[in-house]
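In: Just a sequence and a predicted model for now, questions to come.
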Amino acid sequence: MGRIKIKGQKWQNITLCSLVHVAKHETLLYLGPPKEDVEMIMVVGIGIPKHIEKGKEFDKVCMDFGKGYAKEIIVKSNHARRQIYTLKMGQYALFYGFAKPYTENKRKKVALYAKMFQGMYVPMAADIKKIDPNDIEEMTIENESKLNFIDELLKGDKE
């Protein structure tokens, strides 16, 4: 139960209890209604992409947020559709978007709409072997002395 005040109106009681059971044991956070559309709820999550489907009007990304099954995310905006290319199957990705609650067969469900994706790429052993050690610059003595100076300052604060 919460209270919300819309510009020029009185305080209203709202209930988000229908979504509380959805957020248990997964990395999908419901942040509350955005300003532009009260029916939609802002959502942030970290999950693993399991399946991607391309379409003419919109795309669909299925992500597992920790419950063992994939939730469907509808991707309509051009910006988010281009960011699908940063996703890699089986590797973590950040998702930001909106959730719209609805009722189907007397059961409460949530439809997810994407505004942003960001793949969290972790290099594989083969990728690391491809890197030429000569391309990596070594830290100069000047930079090392700056780091040592900062370490000494921090140690002085603890004592």
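Out: Nice, thanks for sending it over.

In: ok, now how distant is Ile52 from Ile73?
Out: 10 Å (CB to CB, to the nearest Å). C-beta coordinates here come from the backbone N, C-alpha and C atoms, glycine included.

In: shared neighbours of those two, anything?
Out: When contacts are counted by CB atoms under 8 Å, 6 or more residues apart in numbering, Ile52 and Ile73 are jointly contacted by Lys60, Val61, Cys62.

In: quick one, what contacts the closest residue to Lys76 other than its chain neighbours?
Out: In this structure, Lys76 finds its nearest non-sequential neighbour in Phe58, 4.6 Å apart by CB to CB, 6 or more residues apart in numbering. Residues near Phe58 by CB under 8 Å, 6+ apart: Ile74, Val75, Lys76, Arg81.

In: Name the next helix or strand downstream of the worst-scoring helix or strand of the chain on mean pLDDT, please.
Out: Ranking every helix and strand in the chain by mean pLDDT, DSSP states H and E puts helix 17-20 at the bottom, with a mean of 46. Once the chain leaves helix 17-20, the next helix or strand it forms, by DSSP states H and E, is strand 28-32.

In: Show me what the next helix or strand after that following strand is packed up against.
Out: Sequence order places strand 41-53 as the next helix or strand after strand 28-32, per DSSP H and E. Contacts defined by 3 or more CB pairs under 8 Å, 6 or more residues apart in numbering; DSSP states H and E place strand 41-53 against strand 28-32, strand 59-64, strand 70-75, strand 93-104.

In: and of the ones you listed, who's closest to Ile46?
Out: strand 93-104 (5.7 Å; CB to CB).

In: Each with direction, which strands does the closest one pair with?
Out: strand 41-53 (antiparallel), strand 107-119 (antiparallel) (DSSP bridges).

In: Just put those in a markdown table and tack on mean pLDDT and mean neighbour count.
Out: Compiled in a markdown table, these are given as follows (pLDDT from 0 to 100; neighbours: other CB atoms under 10 Å):
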| stretch | mean pLDDT | mean neighbour count |
| --- | --- | --- |
| strand 41-53 | 91 | 17 |
| strand 107-119 | 90 | 16 |
